[in-house]
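**Q** build the 3D model from these lines:
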Amino acid sequence: AVQVDLSSLRQWREARSSYSYPTLLSHYNLHQLDATVQGLPSGSFQTSEREAAGRLLHLWEWRRQRPETAFNDLTTVLWAM
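**A** Prediction:
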């Protein structure tokens, strides 16, 4: 079950170089909400996506809350063929 605190909605815009195309200036409309989710792992975990060249693997870990976010993709990307 997920409980979302709609009163915590925060929206902002950022302009920065694209991660995929570093010379391309990109504009991002960002949204953040606080939510309580039951059943999440208590430690590090991973998710994967199928890509044309193989599998894209994301490694995740919990961190203490910071003003911008409490949960981060470690940006460690591994390709499994």
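
**Q** list the beta-bridge partners for Glu14.
**A** For Glu14, the beta-bridge partners are Tyr28 (DSSP bridges).

**Q** ok, now which ones touch it?
**A** With contact set as Cβ atoms under 8 Å, 6 or more residues apart in numbering, Glu14 has these partners: His27, Tyr28, Leu30. From N, CA and C alone the C-beta is placed, and that goes for glycine too.

**Q** can you tell me how far it is from Arg63?
**A** Relative to Arg63, Glu14 is positioned 20 Å away (Cβ to Cβ, to the nearest Å).

**Q** now swap in Ser8 and tell me
**A** Applying Cβ to Cβ, the value for Ser8 to Arg63 is 18 Å.

**Q** now Leu9
**A** Distance from Leu9 to Arg63, counting by Cβ to Cβ: 22 Å.

**Q** now do Asp34
**A** 15 Å.

**Q** who has more neighbours out of the two?
**A** Set side by side, Asp34 and Arg63 show more neighbours around Asp34, with 14 against 11, by other Cβ atoms under 10 Å.

**Q** and that one, helix, strand or coil?
**A** strand (DSSP: H, G, I helix; E, B strand; the rest coil).

**Q** who are the neighbours in contact with it?
**A** Val4, Asp5, Ser8.

**Q** between those residues, which is nearest Arg50?
**A** Of all the contacts of Asp34, Val4 has the smallest distance to Arg50: 28.7 Å, by Cβ to Cβ.

**Q** contact partners for that closest one?
**A** Neighbour list for Val4: Leu33, Asp34, Ala35 [criterion: Cβ under 8 Å, 6+ apart].
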